[in-house]
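Predicted model follows, preceded by the sequence.
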Amino acid sequence: MERKPRIGVIGPSQADEQTLALAEQVGSEVAKRGAILICGGLGGVMEAAARGAKREHGVTVGILPTPDAFSANLFIDIPIATGLGEARNVIVVHSVNAIIAIAGGYGTLSEIAFALRLNIPVVGLGTWQVRSPDGKPAPLVIAESPFAAVEKALAAVTR
């Protein structure tokens, strides 16, 4: 039996309406393609992406920083309560085949760094531009739209 791809969607817990709309479109596209959406399970980009996935009858998983599964947003099917705070970012990254980073703060940056360290493909949509100390760009794939972001993430998974 073949498993469905697991696509992580990461971004800030507080975002402007444009960023939330992008996240919701990404979540919708993830579900349309039959992938499982994994996120941090709380608000902002995480909630918007999960809402988009649920609109398309997708499956959503929230890796929560809290010890309480009830802290998950209402669009999470499977809440995983870790009680680990921001250390849960490592679990989010280890749980996916590829990540789509939308905008983001330092928490998003940490997840991007963990993913790059683990050779997990990262697709950026209006997010951090990461360079190594010698000035070389990190292997972050840039997307210009939610559709392109999901296409690139899934293409990276099948490689």
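Received the coordinates, thanks.

drop to CA atoms for contacts and neighbour counts, all remaining ones
Noted.

Tell me the pLDDT of A138.
As predicted, A138 sits at a pLDDT of 89.

For it, give me phi and psi.
A138 adopts backbone torsions of phi -70, psi 160, taken as degrees, to the nearest 10.

Now for it, how many residues are close by?
A138 has 14 neighbouring residues, counting by other C-alpha atoms under 10 Å.

if I pick V92, what's in contact with it?
By C-alpha atoms under 8 Å, 6 or more residues apart in numbering, the contact set of V92 is 8, 38-40, 63, 111.

6 Å instead, please
If you count contacts by C-alpha atoms under 6 Å, 6 or more residues apart in numbering, V92 has none.

in what helix or strand does it lie?
In the assignment (DSSP states H and E), V92 maps to helix 88-94.

List the contacts of stretch 64-82.
Taking C-alpha under 6 Å, 6+ apart as the rule, stretch 64-82 contacts 40-42, 50-51, 60-63, 83-85, 88.

hmm, back to that, in CSV, list the C-alpha atoms belonging to the helix or strand following the helix holding V92.
As assigned by DSSP H and E, the chain's next helix or strand after helix 88-94 is strand 98-102. The C-alpha trace of strand 98-102 is given here as CSV (Å, rounded to 0.1, in the frame of the first residue of the first chain):
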residue,chain,number,x,y,z
ALA,A,98,8.3,18.4,2.1
ILE,A,99,7.6,21.8,3.7
ILE,A,100,5.9,24.9,2.3
ALA,A,101,7.0,28.0,4.3
ILE,A,102,4.7,31.0,4.0
